Structure formats: C-alpha cells, structure tokens
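*Asks:* please work out how this folds:
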Amino acid sequence: MKWTRVWVLAALICAGLGLSSEASATTEIKIATLAPKNSAWGKFFVKLDKKIRQKTGDEVGLRVYYNGVQGDEGAMVSKLKTGQIDAAALTSVGLSRIYKNVMVLQLPGVLDTWKLLDKARKKMRKELEGGFEKEGFTVVGWGDLGRVRLMSKGFAVRKPSDLQGKKPVAWRDEPMAPVIYGMIGQVTPTPLGPTEVLPNLRSGAVNVLSAPPLAAEQLQWTPQLDHIGADSTVCAIGGTVIRTQTLEKMPEDTRKLVLKLQRRYGKRGAKKIRKLDDAAYTRLAKKMKVVKLTQAERAEWEKLLRKAVTKLGQGTFPKELVDRVVKISGKK
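*Replies:* Numbering: from 1, shown residues only. Predicted structure coming up:
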C-alpha cells in the first residue's frame, strides 16, 4: 500500500520540456529537473525543445539542468523564487513547497486509479492552478509518474503491522507517511531524498519503499528488492511550473505557442508514461514475488488509510478541500 510522496520522477514526466545546448535562442528559459538526461522521460524533453525552437524560429529556447544539478526540489523552488532559474519540473512534494494544497491529489487510498485522478484534477484544476498563480507561478503542464507500489526486501508486507520493526524509506518533506507510520506504531522510517535511496538499499539501512515501478527501474532500485505489491493506493503526479514574469516577457503570440506545445506534448508524455509504468510492473512481477492482498488484508489497509485521510484534514490540509476530493472519488 502506498501513502508516500510522488517523489523524483514526476520531475521527468510532467514537464515535457527539453534541452538543446547547441542552438542559441533570443529567449532562453532555464529549467531544472531531477531527471537523468538519458531516462525514458528525457526523450520528451528533447522533442518538445526541438519543436518549440522550430515553431518560434529559435526565438525561444529551453536549457534544462538535468540530474538535480540545481539541487534538490527545495533548492529548485528557492532558485525559482529568486529568479535564478525560470522553471522547474517538480514532484507533487516539490509543487507543495509553492502551493501546499496540491498534495490533496495524493491522499492515500482516495484517488487510487487514473480515472479518479483525471476526474479530480479536471474538476479542481482551476482552483489548484489559481493557488500557484497567487504565488507568481504558472502551471504549464501536469504529468504522471505511475501507480505507486510498495516494494520490500526479504519479507512481504500484507498488513500494516508487517511494517513494525522494519526500515522503510520516508520521502523527505512528504506529509502523509509520518501520519501513517505514527498510526501503525513501532515504525522508525528513514527520511531520504531520491538520490540517497540506492546506497541505503545496498547497505541495508532501508528495506521498504514505495514508488512507481518504472521509476524504481530507472533509478536501479529494483535489483535491491524482491517483493512488490499488486495493489496501489496512489497515482503519482507532478507538474512543471514557470515564473509568470518569464512568460509575461514573451510576445503574446510566442507565449501562447509555447504553452500550447508544452501542454500538447505533456499530455502525450503522460499517456506514454502510464503504459510504460504498467509494462515495468509486468516485468518486475516476473522477477519479484508479487504480494496479492486478501480481502481482509485490503480492508485493514483501507480502514487505516481512511483514518489517516481524516487526520490529514484536521490540520495538514483544509478539511473542506479533503472532503471535496473524497466526494469526487465516491469513497466514504
């Protein structure tokens, strides 16, 4: 079961923005991402950059800083706010450092299918994007990472109590996991950033994590794990934001073209990523032991996650916003 953040690779997919270091442009937009340049998502960046340059006659170019060279997401957001970079492809956690309430789309056990996520994001898009606009940013694209699944080494996690005494990863700055682990009790998670996971898996410092299969493959975590959950309770998302001031400096026709192309390629990329993530799960299911929960085990998780969502609506997020998401999902 998954409750944690939508960590690193949302930065990869949600952007759809690309890099061309050879061509020069009148306007060069600097964008930061945690994504490796040669990852599956990097292809979307290159395609979009090429198209934007082509359509604008090199009036606008995009320079992408890959592999977290501008720092972790906290550093990226800080640089965005000070104008050191123009845009960033962020996970939901990174986005929440600009507008906290975006994380309601990641409530555990609520929007657990792509259909439900799409429904909620469509209904709440204006409100959510308005929250970023008030902070001086424009959401130029939403994106998806995959369906997050719990993976472990040496044991299966079937019910919450199976995590007691284990060493799970707690994604740094993600607000859901502390609530969940606190309710389970006797769990001491290790706060990590995505780049810190692999060495900790290799050393045995952690032995449980939650992530989309495709991302786990790309970051080479899966060879260190041998169990994977068949169930998923969160669809991982992210998004790309740009300083509104940067957009406003562009001629209106150029600005509209850049936004149109980004959103078009972003949608294509998101659809592709969903398929790639499903394929990654199929591959891992052949290599790892698949943990299929019984009805009773699933009910135990659902009970825990309902309580967690209620608690998250009592201070972490506005209750009315949490209630709206739950209502959209059709769950009680």
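
*Asks:* can you pull out the low-pLDDT segments for the chain?
*Replies:* Scanning the chain with the threshold set as pLDDT under 70 gives 1-25, 39-43.

*Asks:* pull the longest strand from it.
*Replies:* Among the segments of the chain that qualify as a strand by DSSP state E, the longest is strand 137-147.

*Asks:* neighbouring strands - and their directions - for it?
*Replies:* strand 235-243 (antiparallel) (DSSP bridges).

*Asks:* show me what counts as buried in the helix or strand that comes right after the partner strand.
*Replies:* Sequence order places helix 244-248 as the next helix or strand after strand 235-243, per DSSP states H and E. Residues of helix 244-248 classed as buried: Thr246, Leu247 (neighbour count, 16 or more other Cβ atoms under 10 Å). Yep, even glycine has a C-beta here, placed from its N, CA and C like the rest.

*Asks:* just how off-centre is helix 244-248 within its chain?
*Replies:* Offset of helix 244-248 from its chain centre (Cα atoms, centre = their mean, to the nearest Å): 24 Å.

*Asks:* what's the answer for stretch 62-79, then?
*Replies:* 15 Å.

*Asks:* restrict that stretch to CA atoms and write it as PDB.
*Replies:* Taking C-alpha atoms only, stretch 62-79 is exported to PDB below (Å, rounded to 0.1, in the frame of the first residue of the first chain):
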ATOM      1  CA  LEU A  62      15.000  25.800 -23.400                       C
ATOM      2  CA  ARG A  63      18.000  24.900 -21.300                       C
ATOM      3  CA  VAL A  64      17.400  22.000 -19.000                       C
ATOM      4  CA  TYR A  65      19.600  21.300 -16.000                       C
ATOM      5  CA  TYR A  66      19.300  17.600 -15.500                       C
ATOM      6  CA  ASN A  67      20.100  15.200 -12.700                       C
ATOM      7  CA  GLY A  68      19.400  17.700  -9.900                       C
ATOM      8  CA  VAL A  69      22.400  19.800 -10.700                       C
ATOM      9  CA  GLN A  70      20.500  22.800  -9.400                       C
ATOM     10  CA  GLY A  71      20.000  21.000  -6.200                       C
ATOM     11  CA  ASP A  72      17.100  19.000  -4.700                       C
ATOM     12  CA  GLU A  73      13.500  20.200  -5.100                       C
ATOM     13  CA  GLY A  74      13.800  22.600  -2.100                       C
ATOM     14  CA  ALA A  75      16.700  24.200  -3.700                       C
ATOM     15  CA  MET A  76      15.000  24.400  -7.100                       C
ATOM     16  CA  VAL A  77      12.000  26.100  -5.600                       C
ATOM     17  CA  SER A  78      14.200  28.600  -3.800                       C
ATOM     18  CA  LYS A  79      16.000  29.400  -7.000                       C
END
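
*Asks:* and the most far-flung residue of the chain relative to its centre, how far from Lys50?
*Replies:* Here the chain reaches farthest from its C-alpha mean at Gly57, the gap being 32.7 Å by Cα atoms, centre = their mean. Distance from Gly57 to Lys50, counting by Cβ to Cβ, to the nearest Å: 13 Å.

*Asks:* and for Asp253?
*Replies:* Counting by Cβ to Cβ, the gap from Asp253 to Lys50 is 20 Å.

*Asks:* settle it for me: which of these two has more neighbours?
*Replies:* Lys50 (15 against 10; other Cβ atoms under 10 Å).
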